[in-house]
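J.: Output the structure for:
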Amino acid sequence: MKTDKTYSGSCFCGEVRFTVTGDPVLMGYCHCESCRLWSAAPISAFSLWQPEVIQVTHGAESIGTSNRTKNSDRKWCRSCGGHVFTVHPGMALTEVCAAIIPDLPFEPGVHVHYQESVLHIHDGLPKMKDLPSEAGGSGVSLPE
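T.: Next up, the predicted model:
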């Protein structure tokens, strides 16, 4: 994808607005229970970014944080409850839900935490037990 383009996004109501610049480190689908519960869906489409390329341009004071695990600081809009970011301290990356960056060409490359899947997807993409090794995971692949 390689670009220096800046993309804009927002929470559901638009109170929290942000930009991301350049390319995400990784895009894909997460099947873990935590993401499923957070998104209220059987699968979560994600984009992972270096934190320094994310700029909150409006509504920083409206961002709330919750922590179900030490691996994820989930950020949401206090006005509408819309999901915004998930900071992953162990990976030193920030996740932005792919759907809230409308102009980002979503090009998923992997399914992560596939052993927890409740919706099996047959799309030819790699299915990982947890995360790719370059993202701090085991790098173990699972069958489609």
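J.: Validate this expectation: residue 134 resides in a helix.
T.: Yes. The assignment for residue 134 is a helix, going by DSSP: H, G, I helix; E, B strand; the rest coil.
J.: Burial check on it, number of neighbours?
T.: By other C-beta atoms under 10 Å, 10 other residues sit near residue 134. All C-beta spots, glycine's among them, are computed from the backbone N, C-alpha and C.
J.: Distance-wise, check it relative to residue 98.
T.: 19 Å (C-beta to C-beta, to the nearest Å).
J.: Please, where are all the strands along the chain?
T.: Ranges of strands within the chain are 6-10, 17-21, 26-30, 44-49, 54-58, 63-69, 72-77, 83-88, 93-97, 110-112, 127-128, 141-142, based on DSSP state E.
J.: Quick one: closest of the ones you listed to residue 37.
T.: For residue 37, the closest of the strands of the chain is strand 63-69, at 7.8 Å, according to C-beta to C-beta.
J.: Find the nearest non-adjacent residue to residue 93, please.
T.: In space, and not counting its chain neighbours, residue 93 is closest to residue 48: 4.6 Å by C-beta to C-beta, 6 or more residues apart in numbering.
J.: what's around that neighbour, how many residues?
T.: By other C-beta under 10 Å, the residues close to residue 48 number 19.
J.: and what of the one 4 residues further on?
T.: Using other C-beta under 10 Å, residue 52 has 9 neighbouring residues.
J.: Spell out which residues sit in contact with it, please.
T.: By C-beta atoms under 8 Å, 6 or more residues apart in numbering, the contact list for residue 52 is empty.
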